[in-house]
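> The following block contains a protein sequence and its predicted model.
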Amino acid sequence: MVKADIGVKTAVALVEDLRRIALRKNIKTSEELKEVTKEKVKELLKGCEGTLNIPEDKKPAVILFLGVNGSGKTTTIGKLAYKFTSEGKKVMLVAADTFRAAAIEQLEVWAKRSGADITKKHEGADPAAVVYEGVERAIKEGHDITLIDTAGRLHTKEPLINELRKVKKVIQKLLPEEPTETLLVLDATIGQNSIQQAKVFKEAVDISGIVVTKLDGSAKGGAVIAICRELKIPIKLIGVGESIEDLQQFSTEEYVEALFD
């Protein structure tokens, strides 16, 4: 459990629980114990399964994405854009990560691949200004959904937090009830560090859901359990591969089976 990055605290509590259950139920085989362990982990994840909330009557619905560089944020936006355009929705991408070199170009590639429109400015432009322009365009041009990419430089914590608050204010100037979703993208391979990251972003804005990426290439998928226990934020999507279709709704059942395989 510790190797899978469930976290020492959670692992110890779980093992203590299992000891008591094993004595009470007179469990004798590892197979029986494995099944009980799965059930306990499912219990821990109770209430952490969430779904994207996209109201049909509000257009454009705005989804704001947060996450550190390298977490898979831009890729997640691209995959989600593809999902929505495949459903016949008109999608606007907003390149508000004007800090990271090549972030704008990366989002442009995803816009082409997914068939979405894009609003962008030059590198170093004011992110809030890009967001204002993008949301304004989405309203005028009748887009169903607007997906906003933001910068994720944690080493400059205070400016990052202020920037995210400013971005949210700008959205609400045009659409007072948006964003519909504020999704934090976390990389499963960094394990426990993802919880620290989440706490920093949580200081800046209310997070409505979490996307966990790179679950396919990680022995540390157990971080999902720690995230759920400590942050009490629903996990809405998971990234399970490189392909454009490798973004799935999070399912406790499937996740626990994969963790114990």
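Thanks, I have it.
> Let's verify the closest residue to Leu44 other than its chain neighbours: helix, strand, or coil?
Sequence neighbours aside, Ile225 is the residue nearest to Leu44 in space, at 5.6 Å (criterion: C-beta to C-beta, 6 or more residues apart in numbering). All C-beta spots, glycine's among them, are computed from the backbone N, C-alpha and C. In terms of secondary structure, Ile225 is helix; the call rests on DSSP: H, G, I helix; E, B strand; the rest coil.
> Test my guess that Ile225 contacts Lys9.
No: the pair Ile225 / Lys9 is not scored as a contact, 10.9 Å apart, by C-beta atoms under 8 Å.
> The two: who's more crowded?
Per other C-beta atoms under 10 Å, whichever of Ile225 and Lys9 has more neighbours is Ile225, with 24 against 11.
> In contact with the more buried one: list those residues for me.
Applying C-beta atoms under 8 Å, 6 or more residues apart in numbering to Ile225 gives the contacts 6-7, 10, 41, 44-45.
> which intervals of the stretch 101-250 of the chain have sub-threshold pLDDT?
Confidence mapping of the stretch 101-250 of the chain against pLDDT under 70 gives the ranges 155-156, 217-220.
> tell me the helices in it, going along the chain?
In the stretch 101-250 of the chain, the helices defined using DSSP state H, counting those that start in this stretch lie at 103-114, 127-140, 157-174, 193-204, 223-231.
> Can you check which of these gets nearest to Leu66?
Ranking the helices of the stretch 101-250 of the chain by distance to Leu66, with C-beta to C-beta as the measure, places helix 193-204 first at 4.9 Å.
> Quick one: residues in contact with the closest one.
With C-beta under 8 Å, 6+ apart as the test, helix 193-204 has contacts from 66-68, 71, 154, 157, 160-161, 164-165, 184, 186-188, 207, 210, 223, 226-227, 230-231, 233.
> Among those, name the buried ones.
Using 16 or more other C-beta atoms under 10 Å as the burial test, the contacts of helix 193-204 include 66-68, 71, 160, 164, 184, 186-188, 207, 210, 223, 226-227, 231, 233 as buried.
> returning to that earlier point: let's see if you can find the most crowded of the contacts of Ile225.
Each of those was scored by neighbours using other C-beta under 10 Å; the highest score is Ile6's, at 26 neighbours.
> so it sits in a strand?
No: in this structure, Ile6 is coil, not part of a strand, as judged by three-state DSSP.
> Surely it touches Ala226?
Yes: under the criterion of C-beta under 8 Å, Ile6 makes contact with Ala226 at 6.0 Å.
> what's the neighbour count on the residue nearest to Ala111 when sequence neighbours are not counted?
For Ala111, ignoring the flanking residues on the chain, the nearest one in space by C-beta to C-beta, 6+ apart is Ile118 at 4.0 Å. Other residues within reach of Ile118 by the criterion other C-beta under 10 Å amount to 21.
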